[in-house]
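S.K.: Give the three-dimensional model of this entry:
(2 chains)
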Amino acid sequence: MLSLLSYVANGALTGLLYALIAMSFVIIYRSARVFNFAQGEIVIVGAFLVWTFMSAFDLPVWVSVPLALLSSLLLGVLIERLILRPLVGEELFAFVMVTIGLLIFIRGVVLVAWGPEVRFFPAVLPMAAVKVGPLVFDRALVIGAAVTLVVAAAASWFFNRTQLGLEMTAVAEDHQIALSLGISVKRSIAVAWGISGLLSTLAAIIFLNGKGMTFLASDIGFAALPVALLAGLESIGGVVLGGLIVGIAVGLAAYFLDPIFHGGVAAVFPFVIMVVILLIRPTGLFGWKTIERI
Amino acid sequence: MTLPGGVHAETYQQDRALIRTRWQWLWFAGFVAVLLLLPFIGIGKAVGIATVIGITLIAVLGLQLTSGCAGQINMGQSAFMGVGAYAAGALAANLHWSFLLTIPIGGISAAVFGAVFGLAALRIKGFYLALTTIAAQFIFTFAMLKLPKEWFGQSEGLRLDPAALGSFAFNTDNRIYYLVLAVAALMTYGAWGLMRSRTGRAFIAVRDNDNAAEVIGINVFYYKTLAFFIGAFYAGIAGALWAYYVRYVQADQFTLWLSVWYLGMLIVGGMGSILGAIIGAVVIRLLQELITVAGPQVADVLPALGGQFVFAAMNMLLGGLIIVFVIFEPRGLVHRWNIVKESYRIWPFPH
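M.R.: Residues are numbered from 1 along each chain as shown, chains lettered A, B, ... in the order given. Prediction:
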């Protein structure tokens, strides 16, 4: 019974970490109508930036983490300037393909810049486990869950209450219409990619804190997909709930199904959930419903 | 598209013909001769490279039909290929069936698997659909590693005997090359014919606007599922050939990464055109080979780049090409080729 409870609680915490990455997806989608397949690679670039500043340049934590966050923000803005700006107003397919191209390209750059070796990611956050009654948690995940909640509240406020946030929402509806209303599509996409780059690095710090990492850790980008879909790709608050549901479901699946399949269920179960969501309710729990016209 | 000067169709047969002029026949015959004689005139690894290109071409053609022609983005082509490889491999390794049966069965199994994920296409579109096909990829890997060992060998994979007709075995590079060439030619001809038929036109209508297609009486659900069925069938055939070529099947050979490469080949070659798929598969594969050959030499000259340079350079090249093509030439190399052909035909006039 106790171990079941521990599976559920840890699943929920992991789900919230996925929610943080899913939020990067949602922010880009919600303000630019671009679905960023390269998200996982951007997380990895963020992770390597932190590693470079801390372990290779030997800078203290309070310098290197802000530096890494700033560089990943700049990376996001750079991607907008070089790759997405020429495509404003193009059809969806071009954006899907260009982010896939980006995915492959960034992986190549990461391999050239940092190589394929296993690196030890510095412990930015305290490593000691947290004990709540009989349950034991990874402290980084607990901090991460709190960060997710704060970021979700802030982003939700930004997109629903501020002028810039509402303008960005209009861009997600339709580039042409947003342009004709005098909204800067370029600025909207740049801001979205900047924020998303920042969140990715934050997620990388929480996810990899004190662990070994290689460029393959970018798979986390795909693992966060089901969370974004369950929430609906336009809902920021929904991502938190989506993360909790997917995390707990995966925890339960791992507890009950792992003995049957000899492990590995946790890696594939989110995708089973994803297919089910797509078949039953493609807009997710809180996504926008669109009416199509010819 | 204009025809060469003075060529007019006078009968329906002439109008339907794929090859219309004497020069086209000559070029075609020359091309076929080069392909057939490749094992005798090819140098070095030419035959091996051509075999891999042939198998890749079949998978990319299938992807072209699903994604380029019918507009259903598919990021699970390598999983579909894997299903074909495993189906053919299991029948050949466990039951010792002939390749004449196992290759088509591999294709059909992949087609059924693909169509199941394509069923989702009725309700969801665009990249949502891409996401179900990504899920197909992960579910495929999990299933192949977990299903009973007597079927698919789990993590050990399957080992195959060479394809054989009676006592004649396709066990050398040259023999397997001819097998792949024959199948690839048949599949290319099939794709070409399909796109000139009612089904092909229905695919294009569904791609351009599926609501409008529904209104003019095209059964959108049927054609979307069919697009996945046929595309996955091509992938399955390619997978089965792959199984007989390397004679070893393992889940790690069929990654999401491979599917992404296939999509990249389509973008570079040109979406929605059979010739585009051929150009894309050949050009990207040759570039890959070039990097594999030239990479270590570059790494020798500039040791700072490290041993991973070859793999990294391939990724940077393909990723860069996709981005450049989407931004500057979304219709791909085949569009460039058509422009060149057109201006040659109407020379010296500009229009």
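S.K.: Spit out the contact partners of B:Gln64.
M.R.: Contact analysis of B:Gln64 by CB atoms under 8 Å, 6 or more residues apart in numbering or on different chains lists B:Ala191, B:Leu266, B:Met271, B:Gly272, B:Ser273, B:Ile274, B:Gly276, B:Ala277. Just so you know, the C-beta spots here come from the backbone N, C-alpha and C atoms, and that holds for glycine as well.
S.K.: can you give me the strands in the chain?
M.R.: In the absence of a named chain, chain A is used. Taking DSSP state E as the criterion, chain A carries its strands at A:119-120, A:130-132, A:135-137, A:212-213.
S.K.: looking at chain B here, not the other one
M.R.: B:158-159, B:164-165, B:168-169, B:248-249.
S.K.: before we move on, the earlier item: I'd like the contacts of B:Gln64 written out as CSV, with neighbour count added.
M.R.: Converted to CSV, the contacts of B:Gln64 look like this (neighbours: other CB atoms under 10 Å in any protein chain shown):
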residue, neighbour count
B:Ala191, 22
B:Leu266, 26
B:Met271, 24
B:Gly272, 22
B:Ser273, 23
B:Ile274, 25
B:Gly276, 26
B:Ala277, 33
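S.K.: how deep is A:Val268 tucked in, by neighbour count?
M.R.: By other CB atoms under 10 Å in any protein chain shown, 21 other residues sit near A:Val268.
S.K.: which parts of the stretch 1-150 of chain A sit against chain B?
M.R.: By CB under 8 Å from any CB of the partner chain, the residues of the stretch 1-150 of chain A that approach chain B are A:35, A:83, A:86-87, A:92-94, A:96-98, A:100-109, A:111-112, A:115-116.
S.K.: low-scoring stretches of the stretch 51-200 of chain B, by residue?
M.R.: Flagging of the stretch 51-200 of chain B using pLDDT under 70 yields the residue ranges B:126-127.
S.K.: The stretch 1-150 of chain A too?
M.R.: Along the stretch 1-150 of chain A, segments meeting pLDDT under 70 span A:1-2.
S.K.: if we can go back for a sec, tell me which of the contacts of B:Gln64 fall in helices.
M.R.: Using DSSP state H, the subset of these located in helices is B:Ala191, B:Leu266, B:Ile274, B:Gly276, B:Ala277.
S.K.: Greatest separation within the residues you listed: which pair is it?
M.R.: Farthest-apart pair in these is B:Ala191 and B:Leu266; separation 12.9 Å (CB to CB).
S.K.: can you list the strands of chain B in a markdown table and add mean neighbour count?
M.R.: A markdown table is the format used below for the strands of chain B (neighbours: other CB under 10 Å):
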| stretch | mean neighbour count |
| --- | --- |
| strand B:158-159 | 18 |
| strand B:164-165 | 13 |
| strand B:168-169 | 12 |
| strand B:248-249 | 23 |
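S.K.: right, so of these, which gets closest to A:Arg139?
M.R.: Nearest to A:Arg139, of all the strands of chain B, is strand B:248-249, at 43.9 Å by CB to CB.
S.K.: could you give the mean pLDDT of that closest one?
M.R.: The average pLDDT for strand B:248-249 rounds to 88.
S.K.: outside of that strand, which residues touch it?
M.R.: With contact meaning CB under 8 Å, 6+ apart, strand B:248-249 is reached by B:Gly82, B:Ala85, B:Tyr86, B:Gly89, B:Gly157, B:Leu158, B:Arg159, B:Leu160, B:Ala243.
S.K.: circling back: tabulate the ones in helices among the contacts of B:Gln64 in TSV, adding columns for distance to B:Val34.
M.R.: As requested, the ones in helices among the contacts of B:Gln64 are exported to TSV (distance: CB to CB, whole Å):
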residue	distance to B:Val34
B:Ala191	21
B:Leu266	25
B:Ile274	20
B:Gly276	21
B:Ala277	20
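S.K.: Might you enumerate the residues of the stretch 151-294 of chain A proximal to chain B?
M.R.: Proximity of the stretch 151-294 of chain A to chain B (CB under 8 Å from any CB) is limited to residues A:222, A:225, A:229, A:261-262, A:264, A:267-268, A:271-272, A:274-275, A:278-279, A:282, A:292-294.
S.K.: Great, nothing more from me.
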